[in-house]
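*Asks:* Sharing a sequence plus its predicted fold:
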Amino acid sequence: MPSVPRIRRATPHGPVHRLEKGEGLPVVAVIRWHHGINRTVPATATAWTRDAVEISWEPDIGGGLRSDWVAASDVTREIDLPDLADDTALPPHTISGQSKRRW
């Protein structure tokens, strides 16, 4: 079995919030390798505390899922950009600090 380089893991403290088995939230996580290189990967958040998130992610395409606890500051929710393109969902834009009038 090939070994995978080590990443910096977080230790969860406090109550752990976990979704139903098999469910998760799509996120984007920054994986911080022990030798200093950072890598942004798509992942699924399966559990979380105030300061740590358990993610399932794939180190290599086709390499299978891996589950790790990482710092909550290294995880963001994935944003689906086509949904944001709907003009009714966007607030009025500003130019030089002035509100753009919609009507």
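*Replies:* Done, it's in.

*Asks:* Tell me where this structure has strands.
*Replies:* Taking DSSP state E to define them, one finds strands in the chain at 17-18, 25-32, 38-48, 52-57, 66-71, 75-77, 94-95, 98-99.

*Asks:* Can you tell me which of those is packed in deepest?
*Replies:* Comparing the strands of the chain on average neighbours per residue, with mean count of other Cβ atoms under 10 Å, the densest one is strand 52-57 at a mean of 21. To be clear about C-beta, it is placed using only N, CA and C from the backbone, and glycine gets the same treatment.

*Asks:* So which elements touch it?
*Replies:* strand 25-32, strand 38-48, strand 66-71 (3 or more Cβ pairs under 8 Å, 6 or more residues apart in numbering; DSSP states H and E).

*Asks:* Sheet-wise, list the partners of it with their directions.
*Replies:* strand 38-48 (antiparallel), strand 66-71 (antiparallel) (DSSP bridges).

*Asks:* what comes into contact with it?
*Replies:* Contact with strand 52-57 is made by 10-13, 24, 27, 29, 31, 41-48, 65-72, 74-75, as judged by Cβ atoms under 8 Å, 6 or more residues apart in numbering.

*Asks:* what do you get for stretch 20-40?
*Replies:* By Cβ under 8 Å, 6+ apart, the list of residues contacting stretch 20-40 reads 5-8, 19, 41-46, 53, 55-57, 70, 74-78.

*Asks:* How many neighbouring residues does P59 have?
*Replies:* 16 (other Cβ atoms under 10 Å).

*Asks:* and it, how far is that from T49?
*Replies:* To T49, P59 is 23 Å away according to Cβ to Cβ, to the nearest Å.

*Asks:* With I61 instead?
*Replies:* 30 Å.

*Asks:* residues touching P42, list them.
*Replies:* 26-29, 57, 78.

*Asks:* hmm, 10 Å instead?
*Replies:* Residues in contact with P42, defined by Cβ atoms under 10 Å, 6 or more residues apart in numbering, are 26-29, 55, 57-58, 78.

*Asks:* tell me the two of these that are most distant?
*Replies:* E58 and E78 (14.8 Å; Cβ to Cβ).

*Asks:* Got the phi and psi for the residue nearest to T46 when sequence neighbours are not counted?
*Replies:* Spatial nearest neighbour of T46, chain neighbours left out: G24 (4.7 Å); criterion: Cβ to Cβ, 6 or more residues apart in numbering. Torsion angles at G24 (phi, psi; degrees, to the nearest 10) stand at phi -170, psi 170.
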